[in-house]
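Undergrad: structure of the sequence below:
(chains A and B)
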2 protein chains.
Amino acid sequence: MARTTVGVIGGGQLARMMIPPAIELGIDIKVLEEAEGMSAEIAATGVGDYRDLDTVLAFAETVDVVTFDHEHVPPAILRELVARGVAVHPGPDALLYAQDKLQMRAKLTELGLPVPDWAAVEDADQLAAFLADHGGRAVVKTARGGYDGKGVRVVSEPAEADDWFLALAEDGRGGALLVEELVPFRRELAQLVARRPSGEIAAWPVVETIQRDGVCAEVIAPAPGSTGRVAEVAADIARRVADGLGVTGVLAVEMFETDDGRVLINELAMRPHNSGHWSIEGAVTSQFEQHLRAVLDLPLGATEPRADWSVMVNVLGGPAEGTLQDRYPAALAAHPEAKFHGYGKAPRPGRKVGHVTVAGADLDDVVYRARAAAAFFEG
Amino acid sequence: MARTTVGVIGGGQLARMMIPPAIELGIDIKVLEEAEGMSAEIAATGVGDYRDLDTVLAFAETVDVVTFDHEHVPPAILRELVARGVAVHPGPDALLYAQDKLQMRAKLTELGLPVPDWAAVEDADQLAAFLADHGGRAVVKTARGGYDGKGVRVVSEPAEADDWFLALAEDGRGGALLVEELVPFRRELAQLVARRPSGEIAAWPVVETIQRDGVCAEVIAPAPGSTGRVAEVAADIARRVADGLGVTGVLAVEMFETDDGRVLINELAMRPHNSGHWSIEGAVTSQFEQHLRAVLDLPLGATEPRADWSVMVNVLGGPAEGTLQDRYPAALAAHPEAKFHGYGKAPRPGRKVGHVTVAGADLDDVVYRARAAAAFFEG
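TA: So this is what the prediction gives:
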């Protein structure tokens, strides 16, 4: 019998968006959610703490392969799963690099992949030295726990990271902060690939991502005006990351396209990623279907775009009053061509509660429509 | 608060295929399934008999609008729901015409819509008279309960319908059989539309359906070589049916394109239909998303095709041994461009257990690929 039950740890919108392609393919999907009523509720078969070994083990026994809505499951639990013969994708050896930015930077450097100048700094003096060598400003990041702009700070004085140094000291495990050069970039790109345990890799077209306050706001697929060279370089980098780190499932590589035409790796995510939501309608195989195929070690689907341009705009925060669906009568009437996605989450400032995707042949028109459709859910 | 919970009576694959767009739109969906473990299991909140008023009422109380996976809910139950203020779409007055082919033929005739010559026949003598008037052969249909070729028989002798006349007599309620002329047709078409309670109608392109043994085998969207005239006539007929019968939700009108270039109505279905499965990937708004929008009285989505050609091939029966998913490693590897759909049903001869859709610019190539991909699940 083929493996056909995927277990997802975490009940957020990424787990939610894996459910439609599972239903379509005829794959069973089960979700271990952190609390009742989360975004992926419809497929939830359990509620529990992913930091509790017994909870995770009990869930794993009900599925054929374990995968993730997020990267926060402790490495010790992942290793115990693997030791007990559970198929875990991505596995703990790969996930380590998504969980710890210092390990990630060290590994990418070892692999000869293009990254910004960086250093591990254990105190203000080491940070001061890096600043002095890099024009007096730099980006400081906590190695663990950051996302959507959290745990990232631009500093020009070493003292600006004192609280984080203090937290590291109090943590007792020691460790260091990651400091990186401020890259003068033209724009940000994201390259998504999927890799099967057996090694097959498929790459979508590189996309442009537009961030606001450190959070993804819009994605344009493919990245406009990306010369063949940039697209090739981006895909090549992501393939080398996937192979070099042994990633299974979807890998998102966030990149800077620098003012002088280089492509540097910014962040990694080893799961479906906001920069790939456009692929639900915009590609022959969406990132969510591909993730299921990859973690089940099934052959990967075609990644060709289904339209000249797809533009995705996040709904951040959502309506000040009521729900997303309260705005549907007006929004759907104005934009019959738009695809509306709601995550089943209550509106809250800054929260990702949904997104809108529009596809078409004229980029300016598509961008305009996607923004206009998403705007119905603001205010 | 907007209405956001759709209740589906019946747990088959049509209910199943409503779940992905519900998840995507952020609409809650609940299914009353006939038995445990049915195709739409993941959204099932109850198991029970749709012929039992209390069961259906209890289910209806948990949702904002009731719709259907099939047309078999007894009219008396539907009327009781409406009497108690439940939103039911399509409503009992419309569904009557999908439940009773004699009522349907009479109503379409009254509306001046094009149908084959027909009559209600109560005994062999009346059938003999119809046969004598129509070249000695005709199609006899039971008024109720037929689908996928069941309850349909081509006869050339009145005695060939004796068992059905006997069944009608034993039923005690009396009634008649429907007899229709054998229409010399070039091919079969299907026109799908969706209609909201407020009256808005949206039509997809007319498609060609290829039946084998009375069961839909393949669908080509749009219908090849359909002149503008046929496409317009088909859409106009379906719109008139939807308006004239007060249909809400998706309406499928199966039609004959006759050898002499006319378009005649064959059958009606008031729900998503096999002839619209191509729209999941092939249209901007799929029939399943549109059905949800329509029954919630939300504005309808665009129905434009997303590719020049989409071809859907049913997986009928499925593998002689094992499951559909056992064939995925070979099928997905050979056809990365194909979209595979499994209904979570055990293989059984003749049973609809899944389908495959391929889209592209070259019709011959698309047909070939769709058939080849579906063939992996045979034998």
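Undergrad: center of chain A - which residue?
TA: residue A:273 (3.2 Å; C-alpha atoms, centre = their mean).
Undergrad: contacts only, for that residue.
TA: A:190, A:192, A:250, A:252, A:287 (C-beta atoms under 8 Å, 6 or more residues apart in numbering or on different chains). The way it works is simple: take the backbone N, C-alpha and C, and place the C-beta from them, glycine included.
Undergrad: if we use 7 Å, what do you get?
TA: A:190, A:192, A:250, A:252 (C-beta atoms under 7 Å, 6 or more residues apart in numbering or on different chains).
Undergrad: so is the helix or strand containing residue A:359 next to chain B?
TA: Assigned by DSSP states H and E, residue A:359 belongs to strand A:352-360. Yes - for strand A:352-360, a contact with chain B is found by C-beta under 7 Å from any C-beta of the partner chain, at residue A:354.
Undergrad: and the contacts of residue A:273 as CSV, adding neighbour count, secondary structure and distance to chain B?
TA: Formatted as CSV, those follow (neighbours: other C-beta atoms under 10 Å in any protein chain shown; DSSP: H, G, I helix; E, B strand; the rest coil; distance: C-beta to the nearest C-beta, whole Å):
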residue, neighbour count, secondary structure, distance to chain B
A:190, 26, strand, 22
A:192, 31, strand, 16
A:250, 31, strand, 16
A:252, 25, strand, 21
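Undergrad: any idea how far chain B is from residue A:159?
TA: 45 Å (C-beta to the nearest C-beta, to the nearest Å).
Undergrad: how about the residues of the stretch 1-150 of chain A near chain B?
TA: A:1-2, A:4, A:16, A:19-20, A:23-26, A:42-43.
Undergrad: just name the closest of these to residue B:66, please.
TA: residue A:42 (18.9 Å; C-beta to C-beta).
Undergrad: my read is the closest one is in a helix, agree?
TA: Yes - looking at residue A:42 with DSSP: H, G, I helix; E, B strand; the rest coil, it is inside a helix.
Undergrad: report how many residues lie close to it.
TA: 19 (other C-beta atoms under 10 Å in any protein chain shown).
Undergrad: that one and residue B:43 touch, don't they?
TA: Yes - using C-beta atoms under 7 Å, residue A:42 is in contact with residue B:43, at 6.4 Å.
Undergrad: how many neighbours does the closest residue to chain B within the stretch 151-300 of chain A have?
TA: Nearest to chain B in the stretch 151-300 of chain A, going by C-beta to the nearest C-beta, is residue A:299, at a distance of 3.9 Å. Neighbours of residue A:299 under the rule other C-beta under 10 Å: 19.
Undergrad: give me the helices and strands touching the helix or strand harbouring residue A:371, please.
TA: Residue A:371 is part of helix A:363-375 when elements are defined by DSSP H and E. Judged by 3 or more C-beta pairs under 7 Å, 6 or more residues apart in numbering or on different chains; DSSP states H and E, helix A:363-375 is in contact with strand A:309-316, strand A:352-360.
Undergrad: could you work out the end-to-end span of stretch A:184-202 for me?
TA: End-to-end distance for stretch A:184-202, by C-alpha to C-alpha, to the nearest Å: 30 Å.
Undergrad: in that stretch, which residues are buried?
TA: Using 16 or more other C-beta atoms under 10 Å in any protein chain shown as the test for burial, stretch A:184-202 gives A:185, A:187-197, A:201-202.
Undergrad: one more: stretch A:324-343?
TA: For stretch A:324-343, by 16+ other C-beta under 10 Å, it's A:324-328, A:331-332, A:335-343.
Undergrad: cool, and stretch A:212-232?
TA: Going by neighbour count (16+ other C-beta under 10 Å), the buried part of stretch A:212-232 is A:215-223, A:226, A:230-231.
Undergrad: in strands, which of those fall?
TA: Among the buried residues of stretch A:212-232, the residues falling in strands (DSSP state E) are A:215-221.
Undergrad: how about low-confidence regions in the stretch 1-150 of chain A?
TA: Low-confidence segments of the stretch 1-150 of chain A (pLDDT under 70): A:1-3, A:146-149.
Undergrad: for chain B, what is the nearest residue in it?
TA: Residue nearest to chain B within the stretch 1-150 of chain A (C-beta to the nearest C-beta): residue A:26, separated by 2.1 Å.
Undergrad: which residues does the closest residue to that residue other than its chain neighbours bridge with?
TA: Excluding the flanking residues, the one nearest residue A:26 by C-beta to C-beta, 6 or more residues apart in numbering or on different chains is residue B:342, at 2.1 Å. Taking DSSP bridges as the rule, residue B:342 bridges to residue B:354.
Undergrad: quick one: contacts for residue B:342?
TA: A:25-26, B:324-325, B:354.
Undergrad: can you give me the pLDDT of it?
TA: With respect to pLDDT, residue B:342 scores 97.
Undergrad: the residue of the stretch 151-300 of chain A closest to chain B against residue B:335, yeah?
TA: No - with contact defined as C-beta under 7 Å, residue A:299 does not count as touching residue B:335 (9.0 Å).
Undergrad: next, residue A:54: secondary structure please.
TA: Applying three-state DSSP: residue A:54 is helix.
Undergrad: now the residue lying closest to residue A:252 once chain neighbours are set aside: how far from residue A:355?
TA: In space, and not counting its chain neighbours, residue A:252 is closest to residue A:273: 3.4 Å by C-beta to C-beta, 6+ apart. Distance, residue A:273 to residue A:355, by C-beta to C-beta, to the nearest Å: 12 Å.
Undergrad: list the contacts of the residue lying farthest from the centre of chain A.
TA: For chain A, the largest distance from the centre (C-alpha atoms, centre = their mean) belongs to residue A:125, which lies 33.1 Å off. Listed by C-beta under 7 Å, 6+ apart, residue A:125 has no contact partners.
Undergrad: make sure it is indeed in a helix.
TA: Yes - with three-state DSSP as the criterion, residue A:125 is part of a helix.
Undergrad: cheers, nothing more for now.
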